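Student: Need a 3D model of the following:
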Amino acid sequence: MKSTNAILCAGQGAQAAGMGRDLASSFTECKALFTKANEVLGYDLQKIIFEGPESELTKSNHCQPAIFIVTAACFQALKSQISNVPCLAAAGLSLGEWSALHLAGAVSFEDGLRILEARGRYMQEACEEQAGAMLSVIGLDSAALREVAQSSGVEVANYNSAEQTVLSGRKQNILEAEKAAKAKGAKRAIPLNVAGAYHSSLMKPAAEKMRLFLNNIRLQKPAFPVISNVTGRPHGSPEEMKENMIGQITSSVKWVDCVKVMSGMGVNCFVECGPGRVLSGLVKRIEPAAQLCNVQDNASLRTTVAALSV
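Tutor: Presented below is the predicted three-dimensional model:
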């Protein structure tokens, strides 16, 4: 088996009640992660993940650690079937970058949980301080998109693919951006069902709180490169890693750059771990020739193990 794989880690929005349950039922090492999470966090997050209700699961301080746990469980299940999963690199979308850092050994499972519970809480508090929104724009080139953002007073939150970019800002400004994007010829401009203006300057209060929180967290050099959302390049020293992860809360997610740099490293198979297949869909638009696999349950695990064992 050639080491041409990269691991992709799911971001917020991919969650669904019941995610990870069959893996926890099938693998003791996966079940142990949910048990450990309850102990670390001091409440029954496993019950919320497995049973909902969706209104509780979608709260950022629940959702972010929940997706982190499920992503870790998916990777554990994969490792139980392939002892040395060949991995050239890893990347995650927003909160998923913390999952990628954990899988690479840069942050412990326990610290990752604490970080994401705090991160989710801080971001929710920032959302409540300023009424923000986000808009997905499809089919508008980067120059026109920058004009829309500048004229509307919003910021680019996610460079998801050449076809899809997400804008972020105050609610009224996002409404203006929606009209401007359509006037510029966008194929679609879709308001997102989110709590606020993620990956924008409206998240500065959350970033400041995260800086203080991370003072007490020790990060290690990752075992394999983890690509930064902020720079689109591999993380450097643990100190640089912290700065990137603080900056990530307010900065644009350069997902296109992340995928292209991994392809440039020789990756030709992307294995998405965690709920859903959103990242696989984005990679398909960026690198159409790439092989795509995912692990989110027993069925997808079997398919991926078969594909990687060829």
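
Student: Residue 273 contacts residue 78, doesn't it?
Tutor: Yes - between residue 273 and residue 78 there is a contact at 7.1 Å, judged by C-beta atoms under 8 Å. All C-beta atoms are positioned from the backbone trio N, CA, C, and that covers glycine.

Student: more neighbours, the two?
Tutor: residue 273 (31 against 21; other C-beta atoms under 10 Å).

Student: Excluding chain neighbours, what is closest to the more buried one?
Tutor: Nearest residue to residue 273 in three dimensions, chain neighbours excluded: residue 74, at 4.0 Å (C-beta to C-beta, 6 or more residues apart in numbering).

Student: list the residues that contact both of residue 273 and residue 78?
Tutor: Shared contacts of residue 273 and residue 78, defined by C-beta atoms under 8 Å, 6 or more residues apart in numbering, are found at residue 295.

Student: just to revisit the earlier point, which residues are in contact with the residue nearest to residue 273?
Tutor: Going by C-beta under 8 Å, 6+ apart, residue 74 touches 20, 23, 273, 274, 295, 296, 301.

Student: can I see the domain layout of the chain?
Tutor: Using automatic domain parsing, the domain parsing of the chain gives 5-128+201-308, 131-191.

Student: and the last one, average pLDDT?
Tutor: Confidence over domain 131-191, taken as the mean pLDDT, stands at 95.

Student: burial of residue 35, as a residue count?
Tutor: Residue 35, neighbours per other C-beta under 10 Å, totals 11.

Student: Tell me the pLDDT of it.
Tutor: 98.

Student: Repeat that for the one 10 residues further on.
Tutor: Per-residue confidence (pLDDT) for residue 45: 98.

Student: now the one 10 residues further on
Tutor: Residue 55 carries a pLDDT value of 90.

Student: host element of it?
Tutor: Secondary structure from DSSP states H and E places residue 55 in helix 54-57.

Student: With residue 144 instead?
Tutor: Secondary structure assigned from DSSP H and E places residue 144 in helix 142-152.

Student: Can you list the helices and strands that that helix packs against?
Tutor: Helix 142-152 sits against strand 155-159, strand 164-170, helix 171-184, with contacts defined as 3 or more C-beta pairs under 8 Å, 6 or more residues apart in numbering; DSSP states H and E.

Student: for it, which positions count as buried?
Tutor: For helix 142-152, a neighbour-count test (16 or more other C-beta atoms under 10 Å) marks 144, 145, 148, 149, 152 as buried.

Student: One more: stretch 83-100?
Tutor: Going by neighbour count (16+ other C-beta under 10 Å), the buried part of stretch 83-100 is 85, 87-100.

Student: part of a strand, is the residue nearest to residue 273?
Tutor: No - read with DSSP: H, G, I helix; E, B strand; the rest coil, residue 74 is helix and lies in no strand.

Student: Distance check, it against residue 242.
Tutor: 26 Å (C-beta to C-beta, to the nearest Å).

Student: Ok, residue 46 next?
Tutor: Computed with C-beta to C-beta, the distance linking residue 46 and residue 242 is 29 Å.
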